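Student: give the three-dimensional model of this entry:
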Amino acid sequence: MNPDASLKPADDLPVDPDAAEPSPAPRRSRAPRRVLAAIAAGGALGGPVRYGLGLAFPTAPHTFPATTFAINASGSFVLALLMVLILDVWPPNAYVRPFFCVGFLGAYTTFSTWMVDTDRLISAGAYGTAAANVLLSLAAGIAATSLGLSVGRGLAAWRLKRGGAAAAGASSAASGSAAAAPAETGGQR
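Tutor: Down below sits the predicted model:
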């Protein structure tokens, strides 16, 4: 006997959302709008900074696009550093990451210009320079990200160590321990 014999063909199909009973519209909070405003404000600053750097340090046609390279590598470093600081060091804030990481650095770094530069190099027959642009940009992005993570983790560890030492010093000072006095005064009373 077939166990599926009692099923009708339409029983296992999903319900059409247009035919389902309408549910009340969910109430939107104002937080997403504020987050979007933080992203937009960051982007409104990051894009002009990138544009200004491009004007200040123009790249000659058919040469390695050093400005785009530097922008993307520095953006990778700053993004990694900020992520460690935002997640591990600074107090929680709903707008810092959207403003800096998504908005500012999203507009500051530029995948599209990197690829347009590469396409122009290929079109000009500068295949070696185009390959160097792709490979060096990838390597620099990974290296800059690793460096940013390392610096951020080092800062977090230093802050934790400093905070722990300060807390230990405050604890021993608060207890009024006579044994703590020589250590705090360099071994002299």
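Student: please tell me how far Ala66 sits from Thr59.
Tutor: According to CB to CB, to the nearest Å, Ala66 and Thr59 sit 6 Å apart. Any C-beta I mention is one placed from the backbone N, CA and C, and that applies to glycine too.
Student: helices of the chain, start to end?
Tutor: Under the criterion DSSP state H, the chain contains helices at 31-56, 66-84, 96, 105-108, 111-123, 127-175, 180-184.
Student: the longest one to helix 111-123, inter-axis angle?
Tutor: Orientation check (axes from the mean of the first three to the mean of the last three CA atoms, to 10 degrees): helix 127-175 against helix 111-123 gives 150 degrees.
Student: tell me the average confidence for helix 127-175?
Tutor: When pLDDT is averaged over helix 127-175, the result is 86.
Student: could you check the angle it makes with helix 66-84?
Tutor: Orientation check (the same axes, to 10 degrees): helix 127-175 against helix 66-84 gives 30 degrees.
Student: so which elements touch helix 127-175?
Tutor: helix 66-84, helix 111-123, helix 180-184 (3 or more CB pairs under 8 Å, 6 or more residues apart in numbering; DSSP states H and E).
Student: now do 7 Å
Tutor: Packed against helix 127-175 by the contact rule (3 or more CB pairs under 7 Å, 6 or more residues apart in numbering; DSSP states H and E) you find helix 66-84, helix 111-123.
Student: out of those, which gets nearest to Lys161?
Tutor: Nearest to Lys161, of all those, is helix 66-84, at 15.5 Å by CB to CB.
Student: CA atoms only: put the closest one into CSV for me.
Tutor: Output of helix 66-84 as CSV, limited to C-alpha atoms (Å, rounded to 0.1, in the frame of the first residue of the first chain):
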residue,chain,number,x,y,z
ALA,A,66,49.0,53.5,-8.1
THR,A,67,46.3,55.8,-6.7
THR,A,68,43.5,53.2,-7.0
PHE,A,69,45.9,50.6,-5.6
ALA,A,70,46.8,52.8,-2.6
ILE,A,71,43.1,53.7,-2.0
ASN,A,72,42.0,50.1,-2.0
ALA,A,73,45.0,48.8,0.1
SER,A,74,44.5,51.6,2.7
GLY,A,75,40.8,51.0,2.8
SER,A,76,41.4,47.3,3.4
PHE,A,77,43.7,48.1,6.3
VAL,A,78,41.4,50.7,7.9
LEU,A,79,38.3,48.4,7.5
ALA,A,80,40.1,45.5,9.3
LEU,A,81,41.4,47.8,12.0
LEU,A,82,38.0,49.4,12.5
MET,A,83,36.2,46.1,12.7
VAL,A,84,38.4,44.9,15.6
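Student: mind checking which helix or strand of the chain has the lowest mean pLDDT?
Tutor: helix 180-184 (a mean of 43; mean pLDDT, DSSP states H and E).
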